[in-house]
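> sequence unknown, structure follows:
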């Protein structure tokens, strides 16, 4: 059975410490009947929002150093290390060019969202937003307040960053309840009518996509494909 | 077509104002070909956590007054009001005994959770916790940190209140990422092993149940039924 050693390179979530701990685990795998060391992995999720860019580069290099040094240590011990996996969407530009990394874990930003675009500064690299939620205005009790049928079962919301309504960038999300989205806008903004459809860029795709059973793919406004989310809900 | 008028009784989400606005909408329905006023509804979600209990009672009565007075106004206008719907799980004990209410919207606490149990004080009424998530410890890199395979795709977490690990009430949830739950515990607590299963009471069922395809019903530790969540994901 091929095994990959998970190394904690600074995010403090899972993994053994780089260096001696990683070596010991690799040795233990290598010395076990039926097991084989396929490689090592880390994930430096804590550096994705570092800024300015030069800081992100330095923090990426520092974190992945723990991975690359562990590789040297294990290989110096006579155990070949195949896979060396690290990096994410938010820092792929710095991780991808590092000598010794064989696999990049980027993927979370494939559709882009305000977390990756704004907080991880991928907008500045020319990435565009590709995924939106279509919601309907179900109530507008006062001019400033717009209620949609997209609550937290449909969308998602972190308090640290924000979803965006296309064409109504002045909308501010107040809160999501199960089936309602409550937005505030200036009463002087362009009018919004009950029944109108709003196109919303979710603030973080990780917390939105798994709520749905399929993606509907459009090209130039025409539905081109429907992609079922086959793994959604496979939690058991 | 029977119609119910939604009245804003203080939560400031959806609905027309009590009194004149409600009456005008009821008249408009009554005077429209093919429409019929079936009743009125409100939801005083803003009073559920009021405390002490006497305050919750007073706030419930004050909010539902707006509903009951609207009913009188509409009926005095010659339009019969059938349904008068209000109240929720968190204040059902006060809403249910009000003269004039014909429907109670309680239901969210059918399984109980720390929001209803602690913040809405239903624990003190003898309600018990009936729904848990079974998670597996996948990593314990240092004695204080326990990582499970239940992240935000499985569980949910609000910052204002907390999920509970049965038998390990000292566990504090640090954060949920997509597939990981990160918990902190005292290093002196009872040991937890990798592979061990933890039973977690989610902090808020509204944000947890819709993530799953089925409920597994146990009685005395034996699986008695599997209930599919047929409406889950029916967002379109």
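Done, it's in. It should be emphasised that the depicted structure is a prediction, and the values quoted were computed from it without experimental measurement.
> Please verify my assumption that residue A:88 contacts residue A:46.
No: contact criterion CB atoms under 8 Å: residue A:88 and residue A:46 do not qualify, at 10.3 Å. In short, each C-beta sits where N, CA and C put it, glycine included.
> Can you show me the strands along chain A?
Applying DSSP state E to chain A gives strands spanning A:2-6, A:36-41, A:83-86, A:103-104, A:133-139, A:145-148, A:164-165, A:172-176, A:181-184, A:197-201, A:214-219, A:222-228.
> Redo those strands as JSON lines? Include distance to residue A:50, mean neighbour count and mean pLDDT.
JSON lines is the format used below for these (distance: least, CB to CB, whole Å; neighbours: other CB atoms under 10 Å in any protein chain shown; pLDDT from 0 to 100):
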{"stretch": "strand A:2-6", "distance to residue A:50": "22", "mean neighbour count": "18", "mean pLDDT": "98"}
{"stretch": "strand A:36-41", "distance to residue A:50": "21", "mean neighbour count": "20", "mean pLDDT": "98"}
{"stretch": "strand A:83-86", "distance to residue A:50": "15", "mean neighbour count": "20", "mean pLDDT": "98"}
{"stretch": "strand A:103-104", "distance to residue A:50": "17", "mean neighbour count": "16", "mean pLDDT": "97"}
{"stretch": "strand A:133-139", "distance to residue A:50": "29", "mean neighbour count": "18", "mean pLDDT": "96"}
{"stretch": "strand A:145-148", "distance to residue A:50": "34", "mean neighbour count": "24", "mean pLDDT": "95"}
{"stretch": "strand A:164-165", "distance to residue A:50": "23", "mean neighbour count": "22", "mean pLDDT": "94"}
{"stretch": "strand A:172-176", "distance to residue A:50": "26", "mean neighbour count": "16", "mean pLDDT": "93"}
{"stretch": "strand A:181-184", "distance to residue A:50": "31", "mean neighbour count": "22", "mean pLDDT": "95"}
{"stretch": "strand A:197-201", "distance to residue A:50": "23", "mean neighbour count": "19", "mean pLDDT": "96"}
{"stretch": "strand A:214-219", "distance to residue A:50": "31", "mean neighbour count": "12", "mean pLDDT": "96"}
{"stretch": "strand A:222-228", "distance to residue A:50": "33", "mean neighbour count": "9", "mean pLDDT": "97"}
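> what about residue A:88 and residue A:46, which has more around it?
A direct count of neighbours by other CB atoms under 10 Å in any protein chain shown for residue A:88 and residue A:46 places residue A:88 higher, at 21 against 14.
> OK, contacts around that one?
Counting by CB atoms under 8 Å, 6 or more residues apart in numbering or on different chains, residue A:88 makes contact with A:43-45, A:48, A:95, A:105-106, A:108.
> Give me the subset of the residues you listed lying in helices.
residue A:95 (DSSP state H).
> excluding its backbone neighbours, what's nearest the most centrally placed residue in chain A?
Taking CA atoms, centre = their mean, the centroid of chain A lies closest to residue A:108, which sits 3.5 Å from it. Ranked by CB to CB, 6 or more residues apart in numbering or on different chains and with sequence neighbours excluded, the top spatial neighbour of residue A:108 is residue A:89, at 4.7 Å.
> Contact partners for residue A:207?
A:156, A:158, B:152, B:178.
> ok, the third one touching residue B:177?
In other words, residue B:152. Yes: Residue B:152 lies in contact with residue B:177 (CB under 8 Å); the separation is 6.9 Å.
> So the two - more neighbours on which side?
Per other CB under 10 Å, whichever of residue B:152 and residue B:177 has more neighbours is residue B:152, with 21 against 16.
> Check the gap between the more buried one and chain A for me.
Residue B:152 sits 6 Å away from chain A, going by CB to the nearest CB, to the nearest Å.
> Save the strands of chain A as TSV, and put in distance to residue B:67 too.
Below are the strands of chain A laid out as TSV (distance: least, CB to CB, whole Å):
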stretch	distance to residue B:67
strand A:2-6	56
strand A:36-41	58
strand A:83-86	58
strand A:103-104	58
strand A:133-139	17
strand A:145-148	19
strand A:164-165	32
strand A:172-176	23
strand A:181-184	21
strand A:197-201	30
strand A:214-219	40
strand A:222-228	43
